[in-house]
Each structure stands twice: as C-alpha cells, then as structure tokens.
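Engineer: Predicted model and sequence follow; I will ask about them next.
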Amino acid sequence: MPAFAVRGRVLPSEEPTELWIDHGRISLEPIADATVLCDGGWILPGLVDAHCHVGIKYGGGHEDLAGSIEQAKIERDVGVLLLRDAGSPVDTRALDDYDDLPRIIRAGRHIASPKRYIPGLAIDIEDESQLPEAVAQQARFGDGWVKLVGDWIDRSVGDLRPLWDEKILKESIDAAHAEGARVTAHVFGEDALPGLISAGIDCIEHGTGLTDETIEMMVEHQTALVPTLVNIATFPDIAASATKYPIYARHMRDLHARVESTIGRAHDAGVAIFAGTDAGGSIRHGRIADEVQALTGVGMTSTEALGAASWTARSWLGWPGLEHGAPADLLVYSVDPRTSPEVLSNPDVTVLRGVPQR
C-alpha cells in the first residue's frame, strides 16, 4: 500500500500540520517518498452521522444489500465516514466487508411494544417483563448500542405516551450496561424523559420534549442528546397527516415550534449534543451538512457544530481522530468547511482506511 502525505490546517486547532498515511494509519513521523495528496487546506477527521438508518428505504420498507450499499455510498460521498446506525430492521454487517464504505456502529433493532412504533421496524415486546432480556440480546447483536422506543402515539388516548414502566427501564438499561453496551431512546414528548434519564440511559434521540427539569437531569446524569433537527423539521407534515388525532397533531406542532429554544437551552446548560440526521425512512441520506448548519441555529458556534459531526462525536463514540496511529479516515477541504453546507458536503480529498476515495 503506498504512503501519502497531507498538509494543511487541522481543525479545530487550525494549526499548520503535516500528516502521513501508511498502511491505513496516520503517522506524525515523516515517511520518505510519500505521495502528497494536498499541499494546503483544512483537515479534519471524517464526518459522523450519529443517528442514521442504513437498511431502511426512503419512504419506508426494508432495503436489500444493494440498496444498503448505495445508502452507505451516499454518506461517504458527502464525507461521512462513521455512522451510528440507530436501529435497522436488516442485518448490515455484510457492509463491513467493503473497504470503500463508511464504518458502521450498530444498535441492532429498535425495541418497542405492539402497535407503538412504525410497523415492521422494531422487535415488539408483548410483556414488558421480557424487556431486560430483549435489551441484552440486542446488546450482544449490536456494536455497543441498544435502541429503545421511549414514546410513541398511543391511539387509545390520541397522544404521545411512554412505552415502559420506570422500574423495568432501570433493569433493562442495567442489563445493557452489563453487556458493555450503551442505551439510547427515541423520545419526542415530555412524559417519557424523567424515567429514562433517572434509569441511567446514555443518550436521548430527538429530545423535543425536554424541559428545564429534564435538562438539569441530563446534565446531572451526563446523558447525551442527538436532536436530529432535520427530522424535527418534518413535524408539521406529521401533524397534518394525523387528522384522526387532533391532540397529537397539536402536540407535534408545539414541539416543533419551540425546538430551537428547547435544544438551545440544553446546549447552554452543558448537555453534550451530537449531530445526527435520522436518514432512512422520511429523511434522505447525505444530509449531515444540513444538520450541522441547523445546530448553529440553536446556539452552537460553527466550530462546535462541526465538532459535533466530527472530532467530538468520534471521541464520544470511542473512535480516534487524527492522532498518531489512528485509522486514516480524514477529509481535506480547500475552503474552510465551516463556511457553508455546500462546502462541507464536498470534500476535496476523502481518505477512508488509508485509501484516497477521489
């Protein structure tokens, strides 16, 4: 495998740096006769989509292998080299055999109860006493994460309601932790959050129902947040389609109307926030730059928002950045990628597993 050299300013420090790439790894020690990939620009670790669904078709349904590969390629081409797949109905581990596709951290399948989530996507638990074992099984199947459906519309009351008893949540999250896995949960509304956070959950997805009280709880418990703002933008459409459930529709519109304030207050309080698009289903793949821009709209600086989709997210997920010996997954831009979503979505150089992609 040939050796390469990359010169430019590394983000977030902006320090002029020269990196070498040898046998798929980053070296801070010079390598003779390395091919220079770029001699100037902005260098950062590969982007991260921390809430993505490879294997779910846009518009719904299950993807086959070819479709899943195409989804992963779309992400790679906009610079996303690490995905946290937050629940997929199909086994995508075959994608690990492709050296030109992003690395995937899997959460197994969603866990829900009957008729309380999107049909066909989740494992349905008839008796919630079975939840701890189901969580342990998905922890063993995934790559260190488990995904719960924390709330969803309850058609008997016509609004969002929690799915699980708080006691069983504690047992289930403990079961995941015993397997060495972290747990996250889909939560739109307010009511499911106290039980999930107090039970020790590691992350909340969406979080549109956060209040000052539950934000304080997240800070105390060091619970992370992936708000998926490009998904929250679809709430008015969801509400418009829910004519049979006017209370739910009003609730979704209200959550949408105050999302910038909600997530902004979480950021100001010190909640760790990471970028995820919820791609798959209702959101097209390849939109991480839009999510980064949306994060600046809730109070993040452009550097914080980019870090939430790169170096900071990688650290949170247990993946290195640009240090010596790290896997060589990096991007180079001729223009500062904080300038615009268009720039961020079009890296000039993409290196994945030490191999230039274009």
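Structural biologist: Done, it's in.

Engineer: C-alpha from now on. contacts and neighbour counts both.
Structural biologist: Will do.

Engineer: now residue 346, nearest residue through space, not along the chain?
Structural biologist: Sequence neighbours aside, residue 78 is the residue nearest to residue 346 in space, at 5.8 Å (criterion: Cα to Cα, 6 or more residues apart in numbering).

Engineer: What separation do you get for that neighbour and residue 342?
Structural biologist: 10 Å (Cα to Cα, to the nearest Å).

Engineer: Between those two, tell me which one has more neighbours.
Structural biologist: A side-by-side neighbour count of residue 78 and residue 342, using other Cα atoms under 10 Å, places residue 78 first with 22 against 13.

Engineer: Would you mind confirming that that one is in contact with residue 348?
Structural biologist: No. Counting by Cα atoms under 8 Å, residue 78 sits too far from residue 348 to count as a contact (10.3 Å).

Engineer: Report the contact partners of residue 256.
Structural biologist: 208, 232-233, 235-236 (Cα atoms under 8 Å, 6 or more residues apart in numbering).

Engineer: so where's the stretch 101-250 of the chain shaky on pLDDT?
Structural biologist: For the stretch 101-250 of the chain, no stretch is flagged by pLDDT under 70.

Engineer: so where do the strands sit in it?
Structural biologist: 103-106, 110-112, 122-124, 145-149, 151-154, 159-162, 182-187, 203-206, 224-226 (DSSP state E, counting those that start in this stretch).

Engineer: Out of the ones you listed, the one nearest residue 1 is which?
Structural biologist: strand 103-106 (20.0 Å; Cα to Cα).

Engineer: by contact count, what packs against that closest one?
Structural biologist: If contacts are counted by 3 or more Cα pairs under 8 Å, 6 or more residues apart in numbering; DSSP states H and E, strand 103-106 sits against strand 80-85.

Engineer: I'd like to know which elements the strand it packs on is packed against.
Structural biologist: When contacts are defined as 3+ Cα pairs under 8 Å, 6+ apart, strand 80-85 packs onto strand 47-52, strand 103-106.

Engineer: Please tell me I have it right and residue 54 contacts residue 91.
Structural biologist: No. Contact criterion Cα under 8 Å: residue 54 and residue 91 do not qualify, at 9.5 Å.

Engineer: Of the two, give the one with the bigger neighbour count.
Structural biologist: More crowded of residue 54 and residue 91, by other Cα under 10 Å: residue 54, with 34 against 17.

Engineer: Excluding residues flanking it in the chain, which one is nearest residue 151?
Structural biologist: Residue 151 sits nearest to residue 162 (Cα to Cα, 6+ apart), 4.3 Å away.
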